[in-house]
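Visitor: What follows is a protein structure lacking sequence information:
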Ligand SMILES: [Zn+2]
């Protein structure tokens, strides 16, 4: 018996390390972007081109046909309920900070954000997560913000649909896993407005990773939405003709077409 216990103790798999990340440990502290990216590493959900390596290796060929020097797989992170809860709480902390001064932030940090935040910045009535990857994160964020959860789903034809109704005059916040150009966000807004035209959208999009450097998204006749990201992590994209990685002899492959490709792209420069 003793032996198997030792085995358990000293051979932690990546998954057991992930499950050991406890939401309570991060309840009132803003997590550094580097730490969140480390969790992506632990979940095997990130690849970055190594510009310092002498080996040209491989790089990513995206669904759009563009080539890129990085790749993120948010579903591999968001499948863990503890990580979803932590990220949702981080959204709450960012939410609580909106509209308050630096001095107030310091004061609030010392008392744990527990008091009066809603007087400064009213919370949304509803929260929706952009499908598929962030749908459940929407549920966790709703819990974290003491709001209702509404379901956005992708239909078979690929269009987004708001499953539940948002009553007229009620506010809704949209959250997403990774924002690039705001395409998913635009679809989510039009799906919500189609079903609930008199819902009020909060002027933000909360995302885990902002990979395109976008600051805000403008939607005609509705307004501007500020991007609030836990991590600013730039990934470059180019057309095949203009790809500098192809020019240095690197080969473009679809990172997730087959498992072997993911191993090639991760290890090709080692
Ligand atoms: Zn290329």
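Guide: Alright, I've got the coordinates. Please read these numbers as outputs of a predicted model, since none were measured by experiment.
Visitor: Please name the bridge partners of residue 179.
Guide: Beta-bridge pairing of residue 179 under DSSP bridges involves residue 210.
Visitor: shouldn't it be in contact with residue 185?
Guide: Yes: in this structure, residue 179 is within contact of residue 185 by Cβ atoms under 8 Å, at 6.9 Å. C-beta here means a position set from N, CA and C on the backbone, and glycine is covered the same way.
Visitor: what is in contact with those two at once?
Guide: residue 205 (Cβ atoms under 8 Å, 6 or more residues apart in numbering).
Visitor: Who are the packing partners of the longest helix along the chain?
Guide: Counting residues, the longest helix found in the chain (DSSP state H) is helix 81-97. In terms of contacts (3 or more Cβ pairs under 8 Å, 6 or more residues apart in numbering; DSSP states H and E), helix 81-97 is packed against helix 14-19, helix 74-78, helix 102-111, helix 135-144, strand 200-210, strand 223-232.
Visitor: Could you point out which of the ones you listed sits nearest the ion?
Guide: Closest to the ion of these is strand 200-210 (Cβ to the ion; 21.9 Å).
Visitor: before we move on, back to that, mean pLDDT for the helices and strands packed on helix 81-97: which is lowest?
Guide: For these, mean pLDDT drops lowest on helix 102-111, to a mean of 68.
Visitor: backbone phi and psi for residue 58, please?
Guide: Backbone torsions of residue 58, given as degrees, to the nearest 10, read phi -120, psi 160.
Visitor: Make 624 the first number, not 1, from now on.
Guide: With 624 as the first residue, the last one maps to residue 681.
Visitor: surely it meets residue 873?
Guide: Yes: between residue 681 and residue 873 there is a contact under Cβ under 8 Å: 6.2 Å.
Visitor: Can you name the residues that contact whichever residue of the stretch 724-873 of the chain sits closest to the ion?
Guide: Residue of the stretch 724-873 of the chain nearest the ion, by Cβ to the ion: residue 866 (3.0 Å). Applying Cβ under 8 Å, 6+ apart to residue 866 gives the contacts 682, 690, 875.
Visitor: Residue 746 too?
Guide: Contacts of residue 746 (Cβ under 8 Å, 6+ apart): 718, 768-770.
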